[in-house]
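Chemist: mind looking at a prediction? Sequence and model below.
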Amino acid sequence: MKDHGTRSFAAYHMAAIVTLCLALGAVESAAAAGPVTGLDLVLWLDAQDIEGKGNASNQPPQGQAIAAWADKSTYRNDARQTTAEQRPTYVRDALEGGLQAVHFEAAKRQHLSAGNAPSLELPLFTTFIVAQAAKSGGDMWLLSKNDWGPPWTGYGIAISKEELHPWLHLGLETGARGYFQFRGEMSSGFRIVEVSYDGKIAQGCLELSQDGQQAITGNIARNNQALTIGAMGSQFLEGGL
């Protein structure tokens, strides 16, 4: 297995600069400092920098619909929504410390798509997401590149409808499935959700504490699905990133 190093995020940096980060391979917990960088970083959506230009003073006004959220990785997998009524909205001062967020409304089917570029076909992966969720009457998704086939392929993180538990979904080339719910839940404000899979162990952490693990073997199976943010099929996020 390729050594992907020790790239990870401290909790403060996660809340301050990273809304959603998706990387190739397994990295250490967010408890250690130092950002994910280089070619292994395939998606970086930052709610403090919607245009991805590093100009924090030039951000959308409160309530503005987000048609495009720039990917700050080198791959430019920008997350977009062409249908006006399905665009999430910008929320200022959503987090402690005056930090911004992007709000998704399930009833309006709001979501974004980052496309299906080759850089998003990940045999192993790690994701860090600062997210909040509220009950909407159904299961919902933080992100998904899943296809139920059969066989299952791709990767995704859902939120259960009853207790708002983060919920890993992986479809592997071996036919095995990565599939477990966290014990913790998402109803108490914005929380740091981490998931990693190194080809042998799938792990979940919530607020820097391990909160789920499964032993499975094999690479994540490829598919032609676009990576969606805030949705999978007819299930949509009620909450924010």
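Modeler: Looks like it arrived, so ask away.

Chemist: please count neighbours and contacts with C-alpha atoms only from this point.
Modeler: OK.

Chemist: spatially nearest residue to G98 (excluding sequence neighbours)?
Modeler: R92 (7.3 Å; Cα to Cα, 6 or more residues apart in numbering).

Chemist: hmm, that neighbour is touching Q59, no?
Modeler: No: counting by Cα atoms under 8 Å, R92 sits too far from Q59 to count as a contact (9.5 Å).

Chemist: how about the most far-flung residue of the chain relative to its centre, what does it touch?
Modeler: Note on the chain: the largest C-alpha distance from the chain mean falls to S57, namely 24.9 Å (Cα atoms, centre = their mean). Contact criterion Cα atoms under 8 Å, 6 or more residues apart in numbering gives no residues in contact with S57.

Chemist: same check, this time on the one 10 residues further on
Modeler: Remark: with contacts taken as Cα under 8 Å, 6+ apart, A67 is in contact with 80-82, 84, 87-88.

Chemist: and those residues, which are buried?
Modeler: Buried members of the contacts of A67, scored by 16 or more other Cα atoms under 10 Å, are 80-81, 87-88.

Chemist: between these, which is closest to L142?
Modeler: Of all these, the one sitting nearest L142 is P88; the distance, using Cα to Cα, is 13.1 Å.

Chemist: might one say that that closest one is in contact with A107?
Modeler: No: taking contact to mean Cα under 8 Å, the distance of 11.4 Å between P88 and A107 leaves them out of contact.

Chemist: name the SS class of Q203, please.
Modeler: Secondary structure for Q203, judged by DSSP: H, G, I helix; E, B strand; the rest coil, is strand.
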